[in-house]
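Visitor: sequence below, structure please.
(one chain, ligands or ions: 1)
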Amino acid sequence: MQSESVYCLGLTTSPRKGGNTEILLRKALKGAEKAGARTELVDISTYRFSPCLACDGCFKEGRCVVKDDMQVIYEKILAADRIILAAPIFSMGMCAQAKTMVDRTQRFWATKYVLKRMVIPEANDRPPRKGIFISASGSNHKNVFAGALQVAKYFFLMIEAEFTGSYCYSELEEKGAVLNHPDILSEVFEAGNSLCSAPQKPSIATLNTVED
Ligand SMILES: Cc1cc2nc3c(=O)[nH]c(=O)nc-3n(C[C@H](O)[C@H](O)[C@H](O)COP(=O)(O)O)c2cc1C
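Guide: Take a look at the predicted model:
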């Protein structure tokens with residue numbers, strides 16, 4: 001079991017309270033707790049923040065100049081050792097609440113690529129940051145998760161967390177439909193548990209790229 005100090009942040013983004021992705025996230029966080037992590041579930045859909053304004057205000061210091069609830073979410077993202085992003089598929093992509101949050105990580109893009117600084121300068125002094133993505137869709141269209149997965153990979157790359165896996169489940173249209181799938185629930189429990197279990201060295205296969 002890993003130290004209690006590992007902080008696992010779960011971001012639920014669906015506006016449907018108690019929906020499939022929230023259920024899955026809660027299960028993953030239970031697994032994280034079993035591994036000894038301190039967990040927090042944050043319901044992004046209840047925070048009020050604007051889309052990125054593309055004002056380039058973050059190009060100066062890597063901070064977002066838009067003062068809204070996203071400032072609170074930034075602090076949580078920066079503090080987390082493990083991050084689980086849960087977002088349903090809306091219109092073949094991540095729901096707007098999740099995508100809007102990801103767009104606001106532009107400040108981290110600016111930190112990395114404009115200012116050429118680390119987003120987590122103290123990375124060597126704390127547990128390695130890692131993250132997984134959870135999603136659900138109504139249909140079983142073969143590419144239904146493709147767009148959301150690209151955005152999720154980009155998100156973890158921007159926040160300097162190693163993307164270690166995605167857990168995407170189709171044919172879950174109705175609210176709570178996933179409760180009829182104990183196999184899925186135990187899979188995400190294990191995913192949360194292994195995410196927060198003893199650190200492993202990053203493998204080439206799991207290093208972040210947006211292209212693959
Ligand atoms: C606005 C909206 C758009 C949706 N678009 C899609 C879609 O493009 N493809 C799909 O397979 N399911 C789509 N769905 C179904 C959801 O992905 C599905 O109900 C999922 O379980 C919702 O997760 P949640 O309960 O966590 O909100 C859509 C649902 C809504 C409300």
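
Visitor: contacts and neighbour counts: CA atoms only from here.
Guide: Fine.

Visitor: which bits of this structure sit near the ligand?
Guide: Proximity of the chain to the ligand, by Cα under 6 Å from any ligand atom, involves residues 14, 16, 19-22, 88-92, 136-139, 172-175.

Visitor: give me the pLDDT value at the most centrally placed residue in the chain.
Guide: Central residue of the chain (Cα atoms, centre = their mean): residue 85, 2.5 Å from the mean position. Looking at residue 85, its pLDDT is 99.

Visitor: hang on, it is in a strand, isn't it?
Guide: Yes - counting by DSSP: H, G, I helix; E, B strand; the rest coil, residue 85 falls inside a strand.

Visitor: surely it meets residue 11?
Guide: Yes - with contact defined as Cα atoms under 8 Å, residue 85 reaches residue 11; the gap is 5.0 Å.

Visitor: can you tell me the element residue 11 falls in?
Guide: Element membership for residue 11, per DSSP states H and E: strand 7-12.

Visitor: and for that strand, what are the contacting residues?
Guide: With contact meaning Cα atoms under 8 Å, 6 or more residues apart in numbering, strand 7-12 is reached by 21-22, 25, 29, 32, 37-45, 76-77, 79-87, 196.

Visitor: identify each buried residue in that strand, please.
Guide: Within strand 7-12, the residues scored as buried using 16 or more other Cα atoms under 10 Å are 7-12.

Visitor: for stretch 102-120, same thing?
Guide: Using 16+ other Cα under 10 Å as the test for burial, stretch 102-120 gives 102-112, 119.

Visitor: shaky segments in the protein?
Guide: Within the chain, the stretches with pLDDT under 70 are 1-4, 199-212.

Visitor: could I get the full set of strands for the chain?
Guide: For the chain, the strands defined by DSSP state E cover 7-12, 38-43, 82-86, 89-90, 93-94, 130-136, 162-169.

Visitor: can you redo those strands as JSON lines with distance to residue 123?
Guide: Below are the strands of the chain laid out as JSON lines (distance: least, Cα to Cα, whole Å):
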{"stretch": "strand 7-12", "distance to residue 123": "14"}
{"stretch": "strand 38-43", "distance to residue 123": "19"}
{"stretch": "strand 82-86", "distance to residue 123": "13"}
{"stretch": "strand 89-90", "distance to residue 123": "32"}
{"stretch": "strand 93-94", "distance to residue 123": "29"}
{"stretch": "strand 130-136", "distance to residue 123": "12"}
{"stretch": "strand 162-169", "distance to residue 123": "12"}
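
Visitor: sorry, back to before: now, the residues of the chain next to the ligand that are in helices?
Guide: Counting by DSSP state H, the part of the residues of the chain next to the ligand found in helices is 20-22.

Visitor: can you flag the buried ones in these?
Guide: Buried among those by 16+ other Cα under 10 Å: 20-22.

Visitor: can you tell me, leaving aside adjacent residues, what's nearest to the spatially most distant residue from the centre of the chain?
Guide: Here the centre of the chain is the reference, and by Cα atoms, centre = their mean the most remote residue is residue 60, at 26.0 Å. Take residue 60 and drop its neighbours on the chain: the residue closest to it by Cα to Cα, 6 or more residues apart in numbering is residue 115, 7.7 Å away.

Visitor: wait, the one you found touches residue 59, no?
Guide: Yes - at 7.1 Å, residue 115 counts as touching residue 59 under the criterion of Cα under 8 Å.

Visitor: thank you kindly, that will do.
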